[in-house]
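Undergrad: Here you go, sequence then predicted model.
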Amino acid sequence: MKISNFRIEKIKGLIQDLAELDKLIALHRQHSNDGFMVSQYEAKKYDRFQQLIRQLMHSSLNQGGFSTYPLVQKLTERFYPIAEAGVLKNGDLKVLEEAVA
């Protein structure tokens, strides 16, 4: 399987964006009481993470015995560690999580 350089660079760029957004979120939480800015950065992070997942779930990357699912799990644990702990705010999602367990 040959992954295009464009797709690789797109994925790397999204991961770098997420890391930078994490830094900005931490900085604003530590040095500011401005919840608005934190929520704006968190929304941007969520958007970038969705883009990353879409790129990794592309059918061209998941064929011939190769799967990006372990990478998706690793990235989720890195950028959303609270999800790893199973802490979900939405009650419906909690029900789904229990159904899967």
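TA: Yes, it's here.
Undergrad: centroid residue for this structure?
TA: With distances taken as Cα atoms, centre = their mean, residue 49 lies nearest the centre of the chain, 3.7 Å away.
Undergrad: For the helix or strand harbouring that one, give me every contacting residue.
TA: Using DSSP states H and E, residue 49 falls within helix 35-56. Defining contact as Cβ atoms under 8 Å, 6 or more residues apart in numbering, one finds that helix 35-56 is touched by 7, 10-11, 14-15, 17-18, 21-22, 24-25, 28-29, 32, 68, 71-72, 75, 79-80. For every residue, glycine as well, the C-beta is placed using N, CA and C.
Undergrad: mind redoing it with 6 Å?
TA: 10, 11, 14, 17, 18, 21, 24, 25, 28, 29, 68, 72 (Cβ atoms under 6 Å, 6 or more residues apart in numbering).
Undergrad: Restrict it to CA atoms and write it as PDB.
TA: Provided in PDB are the C-alpha atoms of helix 35-56 (Å, rounded to 0.1, in the frame of the first residue of the first chain):
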ATOM      1  CA  GLY A  35     -13.300  30.500  29.700                       C
ATOM      2  CA  PHE A  36     -14.400  31.900  26.400                       C
ATOM      3  CA  MET A  37     -10.900  31.600  24.900                       C
ATOM      4  CA  VAL A  38     -10.500  28.100  26.300                       C
ATOM      5  CA  SER A  39     -13.800  27.000  24.800                       C
ATOM      6  CA  GLN A  40     -12.800  28.500  21.400                       C
ATOM      7  CA  TYR A  41      -9.600  26.600  21.400                       C
ATOM      8  CA  GLU A  42     -11.300  23.400  22.500                       C
ATOM      9  CA  ALA A  43     -13.800  23.800  19.600                       C
ATOM     10  CA  LYS A  44     -11.000  24.200  17.200                       C
ATOM     11  CA  LYS A  45      -9.200  21.200  18.700                       C
ATOM     12  CA  TYR A  46     -12.400  19.100  18.300                       C
ATOM     13  CA  ASP A  47     -12.700  20.200  14.700                       C
ATOM     14  CA  ARG A  48      -9.100  19.300  13.900                       C
ATOM     15  CA  PHE A  49      -9.500  15.900  15.600                       C
ATOM     16  CA  GLN A  50     -12.500  15.100  13.500                       C
ATOM     17  CA  GLN A  51     -10.500  16.000  10.400                       C
ATOM     18  CA  LEU A  52      -7.700  13.800  11.600                       C
ATOM     19  CA  ILE A  53     -10.000  10.800  12.200                       C
ATOM     20  CA  ARG A  54     -11.600  11.300   8.700                       C
ATOM     21  CA  GLN A  55      -8.200  11.200   7.200                       C
ATOM     22  CA  LEU A  56      -7.100   8.100   9.100                       C
END
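Undergrad: Noted, bye for now.
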